[in-house]
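1. Generate coordinates for the sequence data below:
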Amino acid sequence: MINLIPLQTKDLSYLWQLVSERNKWFIKLRYIAVIMLLCLYVFIIYISDENIHAVQKTGIAFIFTGILIYNLIFSYIATANIIKNDVTSFNPMKFALIQIVCDISSLMIIVYLTGLINSPFSMFFIFHAIIGSLILPGRVVYFIVFIVLSVFTALTMLTHFGVIPEFSISNTAPVETLSLNYLVLNLLSFWLMILLSVMFVNFLTSALYRREQQLIEAIQKIEKAETDKQNYILAVVHEVKSPLSVIVSYLNLLINGITGEINDKAMNILTKMKKRSDEAIELTNNILEVSKIRQLKNLDLENIDIETLIREVFDKIKVKAEEDKITLHFTDTRKSRKTLYADRHLLEIVLSNLISNSVKYNHSGGRADIILSDRNDDLCISVIDSGIGIPSDESNFITSEFYRASNAKQYEKEGTGLGLYVVSQIVNKHGGKLYIKSPSGIGSDEYPGTSVVIHLPYIQE
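-> Below you'll find the predicted structure:
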């Protein structure tokens, strides 16, 4: 069996995908050719005033029917799971070779029935040579082209010497009456035209394919380097987090008076240390989440009761909201209860980040509204607050990694700049969209507020 795999191939899965797409394109293109043949047949039989031989009428009708039938068979093969992405099986490359051989054979018959070297369809051999060069290895294309040119030349010479009958659909001089020198010159030109076309296209296709393979390799190396980097980050941050957690535990013991009474000055220092340590732990947790999300290949999808999940997040944030005198409102305006498939853990991170932000960046006596609604085939989760808002010229950067709005620093609101970045990454992995605007519509001049709206598709295929 001829090896149809290009020598420079390093990613077979990419090759199978590329050739499969082109095979489907050829099938669609062939239906156009069938329509053109039908038009030709109608023109020759009913419109043209040329004297058409019965063999030509029957032959063209036979070829028209044959191409239609085998293209229907090819359509079935392309969709019936018969083709396997395996070198030893009936793969897309072999399927492409069969299509090209069938098309060239049909074209050879049409060209013979319409005048050989005088046929207006002989130029289509160049088209098929180019098509073959886009898919098959150069050695295979050259072999096929050599066979085609040899058969074409043999038929032309046999016709010239009267060995086989000649058929024509034009008023050009019969091949039999042409000068042998003229005939040879035309055949040499035809050979040269096709071989140069194959050589040129094959060179360009091979060069492009090598570049694509190099690009794939580069991407794979980048992905591996990114994975290694994230693994390193995870290991380092875990090592950093452990002593931080111990420090916070000891600070809690000291603040709670386990070692005895502490004066106000020492308590103030311990409280500040505790606050900074908590911030450091929050930062390490966020970095861990970012690294895990970047490494995540597949989501753990399950049927989510979004209302229950929101109420669970509410319960965790309720104490902080009450301390800051922030009123939380939850409204479900959905008319239907479609199934939402999502990663529960990741979705909980999204909701915790957004609702926590609506409390953290709010003011005493403020409010935060969480609204569920439907929009076409999406679930909409809106978190709207009456907090400090986001400067209009910074809204495009707010989901960037480690970016914090300038007014957050002005109001001395602590944070890591990773919360909304994590949210955006999770929403993207679910195929959703994130919209952020400020003012929110429920704020004031001093506190314009922020509105964050997430669209999540109900069902992921």
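2. Can you show me the helices along the stretch 301-450 of the chain?
-> Assigned by DSSP state H, counting those that start in this stretch, the stretch 301-450 of the chain shows helices spanning 306-323, 344-360, 406-410, 419-429.
3. Any chance of TSV for the ones you listed, columns mean pLDDT, mean neighbour count and distance to Asp374?
-> Where you see a C-beta, it was placed from the backbone N, CA and C, and this is true even at glycine. As requested, the helices of the stretch 301-450 of the chain are exported to TSV (pLDDT from 0 to 100; neighbours: other Cβ atoms under 10 Å; distance: least, Cβ to Cβ, whole Å):
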stretch	mean pLDDT	mean neighbour count	distance to Asp374
helix 306-323	86	14	12
helix 344-360	87	21	17
helix 406-410	69	14	32
helix 419-429	85	21	17
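4. Let me know which of those helices is the nearest to Gly138.
-> Proximity to Gly138, assessed across the helices of the stretch 301-450 of the chain by Cβ to Cβ, is greatest for helix 419-429 (41.9 Å).
5. what's the closest one in contact with?
-> 286, 289-290, 293-294, 296, 299, 343, 346-347, 349-350, 353-354, 356-357, 398-403, 433-434, 436, 452, 454, 456 (Cβ atoms under 8 Å, 6 or more residues apart in numbering).
6. Is it possible to mark the buried ones in these?
-> Among these, those classed as buried by 16 or more other Cβ atoms under 10 Å are 286, 289-290, 293, 299, 343, 346-347, 349-350, 353-354, 356-357, 398-399, 434, 436, 452, 454, 456.
7. among the contacts of helix 419-429, which are in strands?
-> When these are checked against strands (DSSP state E), the matches are 343, 433-434, 436, 452, 454, 456.
8. Any idea which of the helices of the stretch 301-450 of the chain gets closest to Leu72?
-> Leu72 lies closest to helix 419-429 among the helices of the stretch 301-450 of the chain, at 41.3 Å (Cβ to Cβ).
9. can you tell me which two in the ones in strands among the contacts of helix 419-429 are farthest apart?
-> Asp343 and Ile436 (21.7 Å).
10. which intervals of the protein have sub-threshold pLDDT?
-> Along the chain, the parts satisfying pLDDT under 70 run over 1-3, 6-10, 48-50, 170-172, 232-234, 237-238, 294-296, 409-417, 459-461.
11. Give me the domain ranges for it.
-> Recorded structural domains for the chain (assignment: automatic domain parsing) are 12-178, 301-457.
12. Of all these, which one comes closest to Ile247?
-> In terms of Cβ to Cβ, the element of the domains of the chain nearest to Ile247 is domain 301-457, at 17.7 Å.
13. What is the neighbour count of Thr205?
-> 19 (other Cβ atoms under 10 Å).
14. Same check on Ile77?
-> For Ile77, the count of nearby residues is 17 (other Cβ under 10 Å).
15. before we move on, which element is it in?
-> Assigning secondary structure by DSSP states H and E places Ile77 in helix 54-79.
16. How far off centre is that helix?
-> 36 Å (Cα atoms, centre = their mean, to the nearest Å).
17. Equivalent analysis for stretch 435-443, please.
-> When C-alpha coordinates are averaged (Cα atoms, centre = their mean), stretch 435-443 and its chain have centres 33 Å apart.
18. thought Asn362 was touching Ala368?
-> Yes. Counting by Cβ atoms under 8 Å, Ala368 is a contact partner of Asn362 at 6.5 Å.
19. can you redo the helices of the stretch 301-450 of the chain as JSON lines with distance to Glu279?
-> Conversion of the helices of the stretch 301-450 of the chain to JSON lines gives the following (distance: least, Cβ to Cβ, whole Å):
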{"stretch": "helix 306-323", "distance to Glu279": "15"}
{"stretch": "helix 344-360", "distance to Glu279": "12"}
{"stretch": "helix 406-410", "distance to Glu279": "14"}
{"stretch": "helix 419-429", "distance to Glu279": "13"}
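20. Mind checking those for the one nearest to Phe62?
-> With Cβ to Cβ, the closest approach to Phe62 among the helices of the stretch 301-450 of the chain belongs to helix 419-429: 55.7 Å.
21. follow-up on the earlier one: kindly reformat the domains of the chain as TSV and extend each row with distance to Leu253.
-> Listed next are these as TSV, based on distance: least, Cβ to Cβ, whole Å:
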stretch	distance to Leu253
domain 12-178	57
domain 301-457	22
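22. Please name whichever of the ones you listed is nearest to Leu195.
-> Nearest to Leu195 among the domains of the chain is domain 12-178; the distance by Cβ to Cβ comes to 6.7 Å.
23. Can you give me the end-to-end span of that closest one?
-> The separation between the terminal residues of domain 12-178, taken as Cα to Cα, to the nearest Å, is 50 Å.
24. between the helices of the stretch 301-450 of the chain, which one is nearest to Tyr112?
-> Evaluated over the helices of the stretch 301-450 of the chain, closeness to Tyr112 peaks at helix 419-429, with 58.4 Å, by Cβ to Cβ.
25. With only the CA atoms kept, save that closest one in PDB.
-> Provided in PDB are the C-alpha atoms of helix 419-429 (Å, rounded to 0.1, in the frame of the first residue of the first chain):
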ATOM      1  CA  GLY A 419     -11.100  38.600  41.800                       C
ATOM      2  CA  LEU A 420     -12.700  39.800  38.500                       C
ATOM      3  CA  TYR A 421      -9.900  38.200  36.500                       C
ATOM      4  CA  VAL A 422     -10.800  34.800  38.000                       C
ATOM      5  CA  VAL A 423     -14.500  35.500  37.300                       C
ATOM      6  CA  SER A 424     -13.900  36.300  33.700                       C
ATOM      7  CA  GLN A 425     -11.800  33.200  33.200                       C
ATOM      8  CA  ILE A 426     -14.400  30.900  34.700                       C
ATOM      9  CA  VAL A 427     -17.200  32.600  32.700                       C
ATOM     10  CA  ASN A 428     -15.200  32.100  29.400                       C
ATOM     11  CA  LYS A 429     -14.600  28.400  30.200                       C
END
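26. what packs against whichever helix or strand Leu183 is part of?
-> Per DSSP H and E: Leu183 is located in helix 180-255. Counting contacts by 3 or more Cβ pairs under 8 Å, 6 or more residues apart in numbering; DSSP states H and E, helix 180-255 packs against helix 12-42, helix 124-135, helix 138-160, helix 264-295.
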